[in-house]
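**Q** turn this into a structure:
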Amino acid sequence: MEQRRDVPFNSLPLEPGEVIRWEAWEPSFHRFSYYAVVVTDRAVYLYSRLFTSFARWRRVALRDVVSAEFVPSWFMPKLILLHRTGKAVLRTPPDTGDAAKIDREQLREAADVIRSIIGGT
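**A** The predicted model follows:
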């Protein structure tokens, strides 16, 4: 899968030779914020722009990921990555409509993809 060139993917700090295996984002225009998740052959990248322009990509090496969990919520679902040095949490923007349904589907799939790569269930 080739790296996208649109925002926020244009600032994704991939290492040389790193290959994207899966990606998702939900840029709903009405929320003024968005998130993105990218899974590569080496890492999980989390991006969250919630009501600020000071957003950046967070990188968690796959070799350090212990578990990936989707936490459903009717308002702000989240993806939790437990890793060797702590926890990374990606919350989606507040919403209860169709965008929230997409959020839940994408975060559930992200957790499944990450677990399949690290060998979890």
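**Q** span of stretch 76-85 from start to end?
**A** 25 Å (CA to CA, to the nearest Å).
**Q** also stretch 58-73?
**A** For stretch 58-73, the end-to-end distance is 23 Å (CA to CA).
**Q** touching that stretch from outside, list them.
**A** 13, 40-47, 77-85, 88, 104, 107-108, 110-112, 114-115, 117-118, 120 (CB atoms under 8 Å, 6 or more residues apart in numbering). Backbone N, C-alpha and C define where each C-beta goes, glycine included.
**Q** please apply the same query to stretch 85-101.
**A** 26, 28, 30-35, 37, 44, 46, 48, 50, 58, 60, 64, 74-81, 103, 107.
**Q** helix, strand, or coil at Lys101?
**A** Lys101 carries the three-state label helix when classified by DSSP: H, G, I helix; E, B strand; the rest coil.
**Q** identify the residues contacting the residue nearest the centre of the chain.
**A** Central residue check for the chain by CA atoms, centre = their mean: the C-alpha nearest the mean position is that of Val37, 2.5 Å away. Contacts for Val37 (CB under 8 Å, 6+ apart) come out as 22-25, 44-47, 79, 90, 106-107, 110.
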